[in-house]
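Engineer: What would the 3D arrangement of this be:
(4 chains)
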Protein chains: 2
Amino acid sequence: MDRLFQAFADATRRDIVRRVTTGEYSVSGLAALYTMSFAAVQKHVAVLERASLVTKEKRGREQIVRANHDGLQKARRLLDEYEVIWRQRSERIADLLAETGPPTTP
Amino acid sequence: MDRLFQAFADATRRDIVRRVTTGEYSVSGLAALYTMSFAAVQKHVAVLERASLVTKEKRGREQIVRANHDGLQKARRLLDEYEVIWRQRSERIADLLAETGPPTTP
DNA sequence: CTATTCTACAACCAAATGGTTGTAGATCAG
DNA sequence: CTGATCTACAACCATTTGGTTGTAGAATAG
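Structural biologist: Sure thing, here's the model as predicted:
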């Protein structure tokens, strides 16, 4: 889980995820999109791979990078949980406030 | 956005977020829950604060830590976008496959 | 076969991270 | 007033991160 969110904590990596969800890219194809070195992009892809957000598939001498839906879902579910808890709590507070009623009400 | 996901990339910080969504904690109240030093917890809260995930409110000599719903929503929306894009793409691929039809079909 | 392309990986560097201890200012309890 | 508690912040340290360059191996193009 640490690695998952860590992977999202970089704009280049988020962009790579966005790209590979919409199209097909080799590592060098991705590298061409950014000003940084090939090796740097290679490292970013490796981080995404360790976080189970993308997979690599060898095709000829190229390595095709693909999105891995599971990782995305996992991250979203955790945030959902937090939101559900928060919503329950804020509703509970709202209920308590409603129970008490305004100060001027009998 | 970097700071937002960075904030989630640590188990202690995720636990703090969970705690403060369900209850009311001072910084020292949180610190008592973990084996690390008070200063370390203080730093974690600062990271969460910079990421707009929690707010601090002074009450007497204590500082009450509260969840900030907006940050959670922002993170979740981004992941939603990725998922929507991915889903559209996988549906489009499914459509293309359906169009083509199985190889043995006339 | 030779040259080019794509990839992998090591070695290095500066900056950020996650932790520590120590010091000092407010606020509360007695 | 005095002592205890809560917080903030600085200084320091080890490790990780995000980047670089350089080297070497596979696969393709001509």
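Engineer: Can you tell me, leaving aside adjacent residues, what's nearest to A:Q42?
Structural biologist: Spatial nearest neighbour of A:Q42, chain neighbours left out: A:V27 (5.9 Å); criterion: Cβ to Cβ, 6 or more residues apart in numbering or on different chains. Where C-beta positions appear, they are placed from N, C-alpha and C, glycine not excepted.
Engineer: Check A:L48 too.
Structural biologist: Nearest non-adjacent residue to A:L48, counting by Cβ to Cβ, 6+ apart: A:V54, 4.5 Å away.
Engineer: which parts of chain A sit against DNA strand D?
Structural biologist: A:6, A:9-10, A:12, A:35-37, A:39-40, A:43-44, A:47, A:60-61 (Cβ under 7 Å from any atom of the strand).
Engineer: Between all of the residues you listed, which two are separated the most?
Structural biologist: Within the residues of chain A next to DNA strand D, A:A9 and A:G60 form the most distant pair, 32.9 Å apart (Cβ to Cβ).
Engineer: Which one of those two is surrounded by more residues?
Structural biologist: Higher neighbour count among A:A9 and A:G60: A:A9, with 18 against 7, using other Cβ atoms under 10 Å in any protein chain shown.
Engineer: just the buried members of the residues of chain A next to DNA strand D?
Structural biologist: A:Q6, A:A9, A:D10, A:T12, A:H44, A:V47 (16 or more other Cβ atoms under 10 Å in any protein chain shown).
Engineer: wait, what's in contact with the closest residue to the third one other than its chain neighbours?
Structural biologist: Take A:D10 and drop its neighbours on the chain: the residue closest to it by Cβ to Cβ, 6+ apart is B:D2, 6.5 Å away. With contact taken as Cβ atoms under 8 Å, 6 or more residues apart in numbering or on different chains, B:D2 is in contact with A:A9, A:D10, A:A11.
Engineer: export those residues to a markdown table and tack on distance to DNA strand C and secondary structure?
Structural biologist: Output for these, formatted as a markdown table (distance: Cβ to the nearest atom of the strand, whole Å; DSSP: H, G, I helix; E, B strand; the rest coil):
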| residue | distance to DNA strand C | secondary structure |
| --- | --- | --- |
| A:A9 | 8 | coil |
| A:D10 | 10 | coil |
| A:A11 | 13 | helix |
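Engineer: Nearest to B:T21 among those residues?
Structural biologist: The closest of the contacts of B:D2 to B:T21 turns out to be A:A9 (Cβ to Cβ; 21.0 Å).
Engineer: Give me the phi and psi angles of that closest one.
Structural biologist: phi -80, psi 30 (degrees, to the nearest 10).
Engineer: Identify the residues contacting it.
Structural biologist: Listed by Cβ under 8 Å, 6+ apart, the contact set of A:A9 reads B:D2, B:R3, B:F5, B:Q6, B:A9.
Engineer: Please narrow those residues to those residing in helices.
Structural biologist: Within these, residues falling in helices by DSSP state H are B:D2, B:R3, B:F5, B:Q6.
Engineer: how about those, which pair is most distant?
Structural biologist: Most distant of these, by Cβ to Cβ, are B:R3 and B:F5, 7.7 Å apart.
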